[in-house]
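Asks: sequence plus predicted model, see below.
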Amino acid sequence: MQSAGYCHRLSWDLRQAIHSLEQALELLQRTSGSVVELSLAYNALGVCQYNGCDFARATESLSMALKLAQGMGDDSRVSLTASNLGALNLIVGKLDEAIRHCLFAIEVGRAAIGAQPT
């Protein structure tokens, strides 16, 4: 179902993408799905919700994805999800939050590849 969600999003059928991703999350939560899969699904759901202008729910989904990614120590996923939160906050006009998330994404991303801080 998660794959179906991605396919629907790529064809801009956001309603069906969101439905598929919500079903995938429900199944993952019921079956003790892996944290990696949960983080991916929440991130994808948040992006679909953001693209559909459901900003409050997108914030919730992306925040959950970020929390899960941080908990598993996946810096690449943390950076990606934080940048999605930054973009979302920019769209809704929360510039301080957008900057905070984007700078965090850059910091974590640079650390993930072993780059020196600027």
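Replies: Structure's in. What do you need?
Asks: so in this protein, where's the weakest helix or strand by average pLDDT?
Replies: helix 2-10 (a mean of 48; mean pLDDT, DSSP states H and E).
Asks: tell me the mean pLDDT for the helix or strand following that helix?
Replies: Counting by DSSP states H and E, the element after helix 2-10 in chain order, helix or strand, is helix 14-30. Averaging pLDDT along helix 14-30 gives 91.
Asks: for helix 14-30, packing partners?
Replies: helix 2-10, helix 35-51 (3 or more Cβ pairs under 8 Å, 6 or more residues apart in numbering; DSSP states H and E). Quick note: C-beta positions are derived from backbone N, CA and C, even for glycine.
Asks: got the angle for that helix vs helix 35-51?
Replies: Angle between the axes of helix 14-30 and helix 35-51 is 150 degrees (criterion: axes from the mean of the first three to the mean of the last three Cα atoms, to 10 degrees).
Asks: export helix 14-30 as CSV, just CAs?
Replies: C-alpha atoms of helix 14-30 as CSV (Å, rounded to 0.1, in the frame of the first residue of the first chain):
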residue,chain,number,x,y,z
LEU,A,14,-3.3,13.1,-3.9
ARG,A,15,-6.5,11.9,-2.4
GLN,A,16,-5.8,8.3,-3.3
ALA,A,17,-2.1,8.7,-2.3
ILE,A,18,-3.1,9.9,1.1
HIS,A,19,-5.7,7.1,1.5
SER,A,20,-3.1,4.4,0.5
LEU,A,21,-0.5,5.8,2.8
GLU,A,22,-2.9,6.1,5.7
GLN,A,23,-3.9,2.4,5.2
ALA,A,24,-0.2,1.5,5.0
LEU,A,25,0.5,3.3,8.3
GLU,A,26,-2.5,1.5,9.9
LEU,A,27,-1.2,-1.9,8.9
LEU,A,28,2.4,-1.0,9.9
GLN,A,29,1.2,0.1,13.3
ARG,A,30,-1.0,-3.0,13.8
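Asks: this completes my enquiry, with thanks.
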